[in-house]
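A.B. asks: Have a look at this fold, sequence not included:
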């Protein structure tokens, strides 16, 4: 007998159902049905440039909790006060005030708070802690405990902020040496889904010299975020508000809002996540601006300790690139994708471009790149070759190094990945070939060019 049928759109982030009243003594079973059909009014919509994998690509767990349990919590550094932890805890199943303890044994912290009758309490307390950073990914065991329940989490504490065109981590300016990546596992293929997959992908980024990854274009699985915490990798996390979704459709906005909320709620205690992104490559317009401004407002209400960004539009005129998208007014950090030398202009023309901005804010070049099939060689003017891709990277790096308000980059992309929009026989074969590493694990020439640049950035900081 079917007890309950539930539709949960999205598919990238966690969700759960209360099944206490549905189970019976003896044997029980659960049927999980998934449907990966895209919808025009969905988020993402029909037209996207990555493979629409189906099946169960996230963990499925049966969780047993007491009748009164710890439902949710938020424990982070106060963005406005030094050496201060702020947060809240929410209990479920309670009807009277309860005592809740927060312990950080390594820091000799034990605090007791009293909830209201609905099980909620907020708190602030002083703490002397070693700050989390890529160089020192320090995680503390944080214990939340009531008379009936107990949770142990590993949490890092760090401060992220902007100061004019600088991004500052723990009070110091930082350049985000990044790379974009999809949730696709090389060699084996398919969705990256396990702890081992997460470690493989992030290890490749670390070998490249990265301290930062942009997780495109949807929330990746929780293993990636947890592993980034442990390995010291800063993270840009985004929802699949991508290209031309239905800006005037209330149901589309509701779905985008749901996915934003689920992403933030899942990862709000992860030190690695420093940027929430609300969109990628969306065309300018009043409806789009209203839609995304609403999401930005919601994100700030859910989490005031992180930065908000999106991959915005640029204006190209007379060899000047201007950062002028009106959406940037609402952002903490401006993201922008540009493909000089591939989708427009030639490699030789890249050096003739200069940049200006209308905003006193940091800029991250969230994408640039060119396709190259590993093992295909030719001169630097022959498209699809490793030499062409490498030449483009050299010219892009030279150009971007002169942009005074640039605070980071995440070129497109770490590995070649499947895409239905890339059918070119013998070259793409339904792969986007902009990876610095091929889908079978071979490094292209441009990998070493970007690695050299990032090593030079590290040396500059050490001087």
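C.D. replies: Noted; the coordinates are in hand. Source: prediction; values computed, not measured.
A.B. asks: Could you report the neighbour count for residue 232?
C.D. replies: Look at residue 232: counted by other C-beta atoms under 10 Å, it has 19 neighbours. Where you see a C-beta, it was placed from the backbone N, CA and C, and this is true even at glycine.
A.B. asks: show me the contacts for it.
C.D. replies: Taking C-beta atoms under 8 Å, 6 or more residues apart in numbering, we find residue 232 in contact with 132-137, 211, 272.
A.B. asks: By neighbour count, which of these wins?
C.D. replies: Neighbour tally across the contacts of residue 232 (other C-beta under 10 Å): the maximum, 26 neighbours, falls on residue 272.
A.B. asks: who's in contact with the helix or strand where residue 254 lies?
C.D. replies: Element membership of residue 254 [criterion: DSSP states H and E] is helix 250-267. Helix 250-267 is contacted from outside by 9-10, 12-15, 41-43, 72, 219, 222, 225, 237, 239-241, 245-246, 273, 276, 278, 291, 294-295, 298-299, 302-303, using C-beta under 8 Å, 6+ apart.
A.B. asks: ok, of these, which come out buried?
C.D. replies: Buried residues within the contacts of helix 250-267, counting neighbours by 16 or more other C-beta atoms under 10 Å: 10, 12-14, 42-43, 219, 222, 225, 237, 239-241, 245-246, 273, 276, 278, 291, 294-295, 298-299, 302-303.
A.B. asks: The worst-scoring helix or strand of the chain on mean pLDDT packs against which elements?
C.D. replies: Between all helices and strands in the chain, the lowest mean by mean pLDDT, DSSP states H and E belongs to helix 445-462, at a mean of 92. Here helix 445-462 touches strand 176-181, helix 195-208, helix 386-400, going by 3 or more C-beta pairs under 8 Å, 6 or more residues apart in numbering; DSSP states H and E.
A.B. asks: Pull out the buried residues from the helix holding residue 254.
C.D. replies: Across helix 250-267, burial judged by 16+ other C-beta under 10 Å covers 252-253, 255-264, 266-267.
A.B. asks: and if you look at stretch 349-364?
C.D. replies: With burial defined by 16+ other C-beta under 10 Å, the residues of stretch 349-364 counted as buried are 350, 353, 355, 357, 361-364.
A.B. asks: Now the terminal residues of it, how far apart.
C.D. replies: Start and end residues of stretch 349-364 are separated by 22 Å (C-alpha to C-alpha, to the nearest Å).
A.B. asks: circling back: so of the helices and strands packed on helix 445-462, which one's packed in deepest?
C.D. replies: strand 176-181 (a mean of 25; mean count of other C-beta atoms under 10 Å).
A.B. asks: on that earlier part again, can you tell me which of the buried ones among the contacts of helix 250-267 are in helices?
C.D. replies: Of the positions in the buried ones among the contacts of helix 250-267, 222, 225, 291, 294-295, 298-299, 302 sit in helices, assigned by DSSP state H.
A.B. asks: Residue 203: which of those is nearest?
C.D. replies: Comparing these against residue 203 with C-beta to C-beta places residue 225 closest, at 15.5 Å.
A.B. asks: Fine, thanks again, bye for now.
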